[in-house]
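Novice: turn this into a structure:
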Amino acid sequence: MAKFVMLGKYSVDALKGISAERTQKGVELIEKSGGKVISKLALLGRYDLLLIVDFPGINEAMKASIALTKSTGIGFNTCAAVSVEELDKLA
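Specialist: Take a look at the predicted model:
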């Protein structure tokens, strides 16, 4: 599994739908796409949400990112990520 960082930005309409139930539905959507949520954080600043997710590959990450945006109205930037230790080995 590969790590991905998903940075979310609420639309005005998406803000109105904040709930534990919607969060759970989002997690289930990620799992349906083959992913596993490692961490979920709310942020202040440019982005409102940070999800750290394991996916089998980029296709599954892209599928989940699009599906989340369509179902929640939250826009996601999804980026592949590696640990700093892995970066050191690659470099």
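
Novice: list the buried ones in the helix ranked longest in the chain?
Specialist: Looking across the chain with DSSP state H, the single longest helix is helix 58-72. In terms of neighbour count (16 or more other Cβ atoms under 10 Å), helix 58-72 has its buried residues at 60, 61, 63, 64, 65, 67, 68, 69, 72. All C-beta spots, glycine's among them, are computed from the backbone N, C-alpha and C.

Novice: just to check, the fifth one is in contact with residue 76?
Specialist: Yes - at 4.7 Å, residue 65 counts as touching residue 76 under the criterion of Cβ atoms under 8 Å.

Novice: now the common contact residues for the two.
Specialist: Common neighbours of residue 65 and residue 76 are listed as residue 6 (criterion: Cβ atoms under 8 Å, 6 or more residues apart in numbering).

Novice: out of the buried residues of helix 58-72, which is nearest to residue 82?
Specialist: residue 61 (13.8 Å; Cβ to Cβ).

Novice: coming back round to it: by contact count, what packs against the helix or strand following the longest helix of the chain?
Specialist: Of the helices and strands lying after helix 58-72 in sequence (DSSP states H and E), the nearest is strand 75-81. Contacts defined by 3 or more Cβ pairs under 8 Å, 6 or more residues apart in numbering; DSSP states H and E place strand 75-81 against strand 2-9, helix 58-72.
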